[in-house]
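1. The sequence isn't on hand, but the structure is:
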């Protein structure tokens, strides 16, 4: 982008110049050297739900649950794979206000590995050219197989935004992806790959939709509602005192909170529903199964999960979801701070931001 800055690990550098904490291809799964398919034509056409990706990496890599969007930590803008992928120039923009299908990515990993491969919506793989260390020709999105240049490690960075954490994405050579200017660019090299220290320009907030794995911790953001007066409502789903609250009133909606109050670990149940575990270790209970006016407690032990602790996240298709109680009501706000409402037209929508990533394909 030609935007020069003086700061540790993030200044302008010659492509491939400087200290490179090199990682050889032998450090990466040998099978990733194999070709995995033929490059399809571009065009950004979204596959039908459940359609296998065009270019799948070899075993033992597996796709993680759901789909992901990446928001820049500084300017709250989303990363776009131009055309849905399949490009070597004009590959990434960082100007999207809301995530759509071009801002949608899939992640693949293997058990015990810190590395993830990032797949665009048309089935190609994101490549850090040369595994990083560059300020020009930095990112391609046309790879049809996964090798070391297509692998990234999400690294939790200093907490931002009232204690809400973000992630930096590190290449196999130890460099971090940089959203130039903190985002907001749709021309030139919008991403640099030469940073050796992760700061605000290297911070991204991952959001997830569709399916949420098990053991990953989220902040659950209020993202408007279906009533017109709720359209701009923003805040967080808060566990009072971080959990362990024995009576109704253990769940609040608030504009901000401490990290332990905002953190919810989703535990996938055998029937596909989720238990919401607080930082206290206990789980959320819908009293009377979610009957209107009954409220929520947060003192149920994790080894005592029953029907009233199982919630359904109903995908809204735009990286928001409704949260449905066991009896079919929805979490919303009404005359009380948190209400159970049976009419989805009054339900709140929520975005799930990853705070802490559980490892492996099931995380």
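-> On my side now, so go ahead. Values in this document were obtained by computation on a predicted structure and should not be read as measured data. Numbering: from 1, shown residues only.

2. isn't residue 96 right up against residue 77?
-> Yes: with contact defined as CB atoms under 8 Å, residue 96 reaches residue 77; the gap is 6.1 Å. Heads up, the C-betas are built off the backbone N, CA and C, glycines and all.

3. Which one's more surrounded, these two?
-> Ranked by neighbour count (other CB atoms under 10 Å), residue 96 and residue 77 place residue 77 first, with 22 against 18.

4. nearest residue to the more buried one other than its sequence neighbours?
-> Leaving aside its sequence neighbours, residue 77 sits nearest to residue 183 (CB to CB, 6 or more residues apart in numbering; 4.1 Å).

5. measure that neighbour to residue 236 for me?
-> In this view, residue 183 and residue 236 are 22 Å apart by CB to CB, to the nearest Å.

6. And residue 71, by the same measure?
-> On the measure of CB to CB, residue 71 and residue 236 end up 16 Å apart.

7. Comparing those two, which residue is more hemmed in?
-> residue 71 (27 against 22).

8. in stretch 221-234, what counts as buried?
-> Neighbour-count burial for stretch 221-234 flags 221-223, 225-226, 230 (criterion: 16 or more other CB atoms under 10 Å).

9. Correction: the previous question concerned stretch 85-98.
-> Those buried within stretch 85-98 under the rule 16+ other CB under 10 Å are 85-87, 91-96.

10. first vs last residue of it, how far apart are they?
-> From its first residue to its last, stretch 85-98 covers 18 Å (CA to CA, to the nearest Å).

11. got the contact list for it?
-> With CB atoms under 8 Å, 6 or more residues apart in numbering as the test, stretch 85-98 has contacts from 39-44, 72, 75, 77-82, 102-103, 120-124, 126, 139-142, 179-180, 183-187, 190-191, 318-319.

12. Likewise for stretch 247-255?
-> 222, 234-240, 243, 284, 287, 294-299, 331, 333, 337-338, 348.

13. at 7 Å instead, please
-> Contact partners of stretch 247-255, identified using CB atoms under 7 Å, 6 or more residues apart in numbering, comprise 222, 235-240, 284, 287, 294-298, 333, 337-338.

14. now the end-to-end length of that stretch.
-> Start-to-end, stretch 247-255 (CA to CA) is 22 Å.

15. average pLDDT across it?
-> Mean per-residue pLDDT for stretch 247-255: 89.

16. May I see the buried residues of that stretch?
-> 248, 250-253.

17. And for stretch 74-85?
-> Result for stretch 74-85 [16+ other CB under 10 Å]: buried residues 74-75, 77-85.

18. Among the residues you listed, which one sits closest to residue 169?
-> Using CB to CB, residue 79 is the member of those that lies nearest residue 169, at 10.2 Å.

19. how would you label that closest one: helix, strand or coil?
-> For residue 79, the assignment made with DSSP: H, G, I helix; E, B strand; the rest coil gives strand.

20. wait, what's in contact with it?
-> 70, 92, 94, 103.

21. can you tell me which of those residues lies nearest to residue 356?
-> Of all the contacts of residue 79, residue 70 has the smallest distance to residue 356: 16.3 Å, by CB to CB.

22. In this structure, where is pLDDT below threshold?
-> Low-confidence segments of the chain (pLDDT under 70): 1-54, 56, 58, 158-164, 226, 334-341.

23. quick one, helices of it?
-> Assigned by DSSP state H, the chain shows helices spanning 259-262.

24. could you dump the buried residues of stretch 221-234 to JSON lines with distance to residue 155?
-> Converted to JSON lines, these look like this (distance: CB to CB, whole Å):
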{"residue": "221", "distance to residue 155": "22"}
{"residue": "222", "distance to residue 155": "28"}
{"residue": "223", "distance to residue 155": "26"}
{"residue": "225", "distance to residue 155": "35"}
{"residue": "226", "distance to residue 155": "37"}
{"residue": "230", "distance to residue 155": "36"}
